[in-house]
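A.B. asks: Based on what follows, work out the 3D shape:
(one chain, ligands or ions: 2)
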Amino acid sequence: MVLSNLGSALRNSLKKIVNKVLIDQKAVDEFVNEIQKALIVADVDVELVFNLTKRIKDRILEDKGFSKKEQIIRIVYEELVSFLGVGGDSLKVSKKPHKVLLIGLFGSGKTTTAGKLALRYKKKGYKPCLLALDTYRAAAVKQLKQVGKGAGVTVYGDDKEKKAKKVVKEFREDYDNFDVVIGDSAGRDALDKSLVKEVKEISKEFKPDEVLLVVPADIGQSARKQVEAFKEALSINGVVITKLDSTAKGGGALTACVVSGAPIKFIGVGEDVKDLELFKPQRFVSRLLGMGDLETLLEKAREELDEDRMKDLGKRFMKGKFNFLDLYEQLGAVNKMGSFSKLMKFIPGVSNLNLPMDKLNLQEENVQKFRRIMDSMNLEELEEPKTLNKSRIERIAKGSGTSVRDVRNLIKQYNQMRSVMKRMSGANLKKMMKKLGVKDLKALEGMMGGMQ
Ligand SMILES: Nc1nc2c(ncn2[C@@H]2O[C@H](COP(=O)(O)OP(=O)(O)O)[C@@H](O)[C@H]2O)c(=O)[nH]1
Ligand SMILES: [Mg+2]
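C.D. replies: Ligands and ions are numbered 1, 2, ... in the order given. Take a look at the predicted model:
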C-alpha cells in the first residue's frame, strides 16, 4: 500500500476526532498536531506542512455548524487534494505516432516505467512500441527487450550503436507505424552537462510530444531540487514518481514535485509491469484517507445522533420550553448515547462549564420506564403535559403497566427539569453554575430529581 504509514496515521486521527462527542478547540489542536506529525514523518517539508495544517485548522474553527464531523473530513480531503496539484490527464494520442521520452537519473525507474506505460497504452487499445535510447550502459537494450516482453510490445534497439540520436534515425520508419513510441533514455549519477547535451540531441531528432521526468520517491523532499534542475536545463511536461510502494518518504517526493511546478502524471507503485497509476489527487487522497471507511463511520455517528436536531432540542430544553415529545426524544438519545452526561454536552453553554458530567447519569431503568409511560400518552398529552388530569394519569398508568405513582413521578421530574432549565437559561447559565460551583453539583442533581 502506497504511503501506508501516512495513510493510517491520518485515518486514525480522523477516526479519533469523528468519534469525539465534543469537538472543541483542544480536540482540534490535538488533531492538527497529529496531522502535522504524520506529514513530517512522511518527509513533507515542514513549512509546507505548517501552511497546510494552518489552512485546515482555520477552516475547521471557522465552521460553526454542528455537522462538524463531516466538515472536518471534507476539509482535510479538499486541502490534501489541492496540496497535490492537478495530476495527470488520461492517456491521449493526438497524432500518430505519439512520442513520449522518459528521462531521469540512474536507477530512477525509466526502463521499468517505459514497459508499464506501454502496457497501459496497449490496454487502452493503442499500438505502442519501445525505443531503446540508453546507449550508455551495455545491458540497457537487453533490459528493455525483457521489459517489452513482459508488456507484450515491440522493442527497437541497437546494442552496437553508441549515439542515441542515431538510434532514433535508424528506427524511424519502423516506429512510425505505431500509435505510440516510448523512448527510454540513459541516466547519469547526477544531472550533468553530458546528460543535458544527450537529452537535447535526442529531443532534436526524436521530437517528443511529451517529455516525462522519472523521479524515485525514496529521495523524499530532495525531489524538489532535482525536478527544478531538470526543468531549468530541459523542457519537461510532467513527472513520474516511482517506487512509492517502497518508501515512507513518498509524501515528501509528491509534495516537492508539486512545489517545483511540474505536474505529477503517473506514479509507480510496484516492480510489476502493471504497477503504474495515472496520478489523480482526488483518487489518491480518498484512498489514502480510506474515505469509504470514514463514510461508514460518519453514518454511524449520524445514526446515533442527529446533532442539528439535538442542538435545537438542547436550546428548547435550556429555555424550559419542552414537552413530553421532546423529552421522549431526548431520552431516546440518552439511550443511544449511553449516558445523560454525553447528551448534556450538546446543550449550548453546558460544554464550556467543565462539569463532572459523569455524575449526571440517568439510570437506564428509569429511562425505560419513562419511555413506556410516554408511549401510553396520546398526542395531546405529549404535546401539552398540562392536560394530564387524574383520570388520564390512571389510564396511562394502566396502559403502560406502571403505577399512578410512577406517572406522577415522571410529571414531577418533567416539571423540575423545566424549572431548572428555565432558571439556567441563556446568559444566566454560566453565572448560575459558577454560583453553584462544582461542589454544589449535588444540589443541581437534587433539583433535577432522581436523575442520579
Ligand atoms: N518497488 C518498486 N521498484 C521499482 C519501481 N520502478 C522501478 N523500480 C525498480 O527500480 C530499479 C531501477 O529501475 P530501472 O527501470 O532499471 O531504472 P532506470 O535506470 O531509470 O532505467 C529496478 O530494480 C526496478 O525494479 C516501482 O514503482 N516500485
Ligand atoms: Mg534504464
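A.B. asks: burial measure for the residue nearest to A190 when sequence neighbours are not counted, as a count.
C.D. replies: Leaving aside its chain neighbours, A190 sits nearest to L105 (6.8 Å; criterion: CB to CB, 6 or more residues apart in numbering). No exception for glycine: its C-beta is placed from N, CA and C like everyone else's. By the criterion of other CB atoms under 10 Å, L105 has 21 neighbours.
A.B. asks: Please list all residues in contact with L105.
C.D. replies: G187, R188, D189, A190, L191, Q226 (CB atoms under 8 Å, 6 or more residues apart in numbering).
A.B. asks: repeat that with 10 Å
C.D. replies: 187-192, 195, 213-216, 219, 226, 230 (CB atoms under 10 Å, 6 or more residues apart in numbering).
A.B. asks: Kindly reformat those residues as TSV containing secondary structure, distance to D29 and pLDDT.
C.D. replies: TSV is the format used below for the contacts of L105 (DSSP: H, G, I helix; E, B strand; the rest coil; distance: CB to CB, whole Å; pLDDT from 0 to 100):
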residue	secondary structure	distance to D29	pLDDT
G187	coil	46	94
R188	coil	47	95
D189	coil	45	94
A190	coil	43	93
L191	coil	43	94
D192	coil	48	94
L195	helix	48	95
L213	strand	39	97
V214	strand	40	98
V215	strand	35	97
P216	strand	36	97
I219	helix	33	95
Q226	helix	36	95
F230	helix	40	95
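A.B. asks: and ligand 1, which of those reach it?
C.D. replies: G187, V214 (CB under 6 Å from any ligand atom).
A.B. asks: do you know how far the spatially closest residue to V2 that is not a sequence neighbour is from ligand 2?
C.D. replies: Nearest non-adjacent residue to V2, counting by CB to CB, 6+ apart: L244, 4.7 Å away. Per CB to the ion, to the nearest Å, L244 is found 19 Å from ligand 2.
A.B. asks: and L244, what pLDDT?
C.D. replies: For L244, the pLDDT comes out at 95.
A.B. asks: Next one: it from E271, what distance?
C.D. replies: As judged by CB to CB, to the nearest Å, L244 and E271 stand 12 Å apart.
A.B. asks: Looking at these two, which is more packed in?
C.D. replies: L244 (25 against 13).
A.B. asks: ok, now which ones touch that one?
C.D. replies: 1-3, 216-218, 250-251, 253-254, 267-270, 275, 277, 279, 284.
A.B. asks: Tell me where the stretch 101-250 of the chain has helices.
C.D. replies: With DSSP state H, counting those that start in this stretch as the criterion, the stretch 101-250 of the chain has helices at 110-123, 140-151, 164-175, 193-206, 223-233, 250-260.
A.B. asks: which of those helices sits most buried?
C.D. replies: Most buried of these, by mean neighbour count (mean count of other CB atoms under 10 Å): helix 250-260, with a mean of 26.
A.B. asks: And stretch 122-136, how far out from the chain middle?
C.D. replies: When C-alpha coordinates are averaged (CA atoms, centre = their mean, to the nearest Å), stretch 122-136 and its chain have centres 36 Å apart.
A.B. asks: What is the end-to-end distance of that stretch?
C.D. replies: Stretch 122-136 has an end-to-end distance of 28 Å (criterion: CA to CA, to the nearest Å).
A.B. asks: residues of that stretch that come out buried?
C.D. replies: K122, Y126, K127, P128, C129, L130, L131, A132, L133, D134, T135, Y136 (16 or more other CB atoms under 10 Å).
A.B. asks: gap between the fifth one and Y136?
C.D. replies: Translated: C129. Distance of C129 to Y136, computed by CB to CB: 21 Å.
A.B. asks: Near ligand 2, which residues of this structure are found?
C.D. replies: Applying CB under 5 Å from the ion, we find that the chain lies next to ligand 2 at K110, T111.
A.B. asks: what's the neighbour count on whichever residue of the stretch 251-400 of the chain sits closest to ligand 1?
C.D. replies: Shortest the stretch 251-400 of the chain-to-ligand 1 distance, computed as CB to the nearest ligand atom: residue-wise this is G268, at 2.7 Å. If you count neighbours by other CB under 10 Å, G268 ends up with 27.
A.B. asks: And for K26?
C.D. replies: 10.
A.B. asks: Flag every buried residue along the helix or strand hosting it.
C.D. replies: Under the criterion of DSSP states H and E, K26 resides in helix 25-41. For helix 25-41, a neighbour-count test (16+ other CB under 10 Å) marks A27, V28, F31, V32, E34, I35, Q36, A38, L39, I40 as buried.
A.B. asks: So for stretch 267-286, first residue to last residue, what's the gap.
C.D. replies: Stretch 267-286: ends 16 Å apart by CA to CA.
A.B. asks: before we move on, the earlier item: so for the following helix or strand past the helix holding K26, mean pLDDT?
C.D. replies: Following helix 25-41 in sequence order, the next helix or strand is helix 46-62 (DSSP H and E). The pLDDT scores in helix 46-62 average 93.
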